[in-house]
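# Quick one: sequence and predicted model below, then my questions.
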Amino acid sequence: MKKTLIVYLASTLMAIFIIGNAKAQNYPYELGPGDIVEISVWKDESLSRTLIVPPDGVIAFPLIGDIKIKSMTIENLRSKVTQLLAAYIPDATVTVILVELKSLNAFVIGKVNKPGNYSITMDTTVIQLLSMAGGLNPFADENKIHIFRRINNKTIKIPFDYSQVLKGNNLEQNIVLKRGDVVVVP
């Protein structure tokens, strides 16, 4: 019986992980403070830079000056630098690489074993974050968990029923977390 339960839980968690990964690919990563990017211009090494996105999200780049890159995707940044450099270097080939992702954090508060601020990846799901927080403590109300997310200066409240997800039901509620999400476990 114990072995069957362990196999069932492992299978459920694997399915949750796979579903979470599939969903994550629909959301391109937006740069945030602390992220490290490398911008290279082919055939002009003097323009290559490795930069940390500052809190205001504005970087300085040779020839083109200041660029607000906070909330840009890697592709948006590449296009913007290419466009601005075109006045100086026609047909410039620009490469942008996300060297280190540092601005993705989510928070867990309430009845978990290790509440706090956690670094997440682009495909971290609710169940994975709860696992990082040491799981629910015995007093948690697993049916009334909520995720609070800021969208366009408004906070939305997303319900999450832990017990249903563990049973393999309603897996769509095991959403991929975004920067700044707060998971509340009552």
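On my side now, so go ahead. Numbers count the residues shown, from 1 in each chain.
# Glu38 pairs with what?
Thr50, Ile97 (DSSP bridges).
# so how many other residues sit close to it?
14 (other C-beta atoms under 10 Å). Every residue, glycine included, has its C-beta placed from N, CA and C.
# ditto for the one 4 residues further on
Applying other C-beta under 10 Å, we find 13 other residues in the vicinity of Trp42.
# Now the closest residue to it other than its chain neighbours: phi and psi?
Leaving aside its sequence neighbours, Trp42 sits nearest to Thr93 (C-beta to C-beta, 6 or more residues apart in numbering; 3.9 Å). In terms of degrees, to the nearest 10, the main-chain angles of Thr93 are phi -100, psi 110.
# Against Gly57, how distant is the closest residue to Lys111 other than its chain neighbours?
Once flanking residues are discounted, Lys111 sits nearest to Ala140: 3.8 Å by C-beta to C-beta, 6+ apart. Taking C-beta to C-beta, to the nearest Å as the measure, Ala140 falls 37 Å from Gly57.
# Would you mind measuring from the nearest residue to Thr124 once chain neighbours are set aside to Gly65?
Excluding its sequence neighbours, the residue lying closest to Thr124 (C-beta to C-beta, 6+ apart) is Leu177, at 5.2 Å. Applying C-beta to C-beta, the value for Leu177 to Gly65 is 35 Å.
# and these two? which has more neighbours close in?
Leu177 (26 against 10).
# Does Gln164 belong to a helix, a strand or coil?
helix (DSSP: H, G, I helix; E, B strand; the rest coil).
# Using CSV, write out every CA atom in the helix or strand hosting Ile109.
According to DSSP states H and E, Ile109 maps onto strand 105-110. C-alpha atoms of strand 105-110 as CSV (Å, rounded to 0.1, in the frame of the first residue of the first chain):
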residue,chain,number,x,y,z
ASN,A,105,11.0,35.8,-7.4
ALA,A,106,7.8,34.6,-5.9
PHE,A,107,6.6,34.6,-2.3
VAL,A,108,5.0,32.0,-0.1
ILE,A,109,3.3,33.1,3.1
GLY,A,110,1.1,31.4,5.7
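# Packing partners of it?
Packed against strand 105-110 by the contact rule (3 or more C-beta pairs under 8 Å, 6 or more residues apart in numbering; DSSP states H and E) you find strand 116-119, helix 126-132, strand 182-185.
# How about residues contacting that strand?
For strand 105-110, contacts defined as C-beta atoms under 8 Å, 6 or more residues apart in numbering pick out 114-120, 124, 129-130, 132-133, 140, 177-186.
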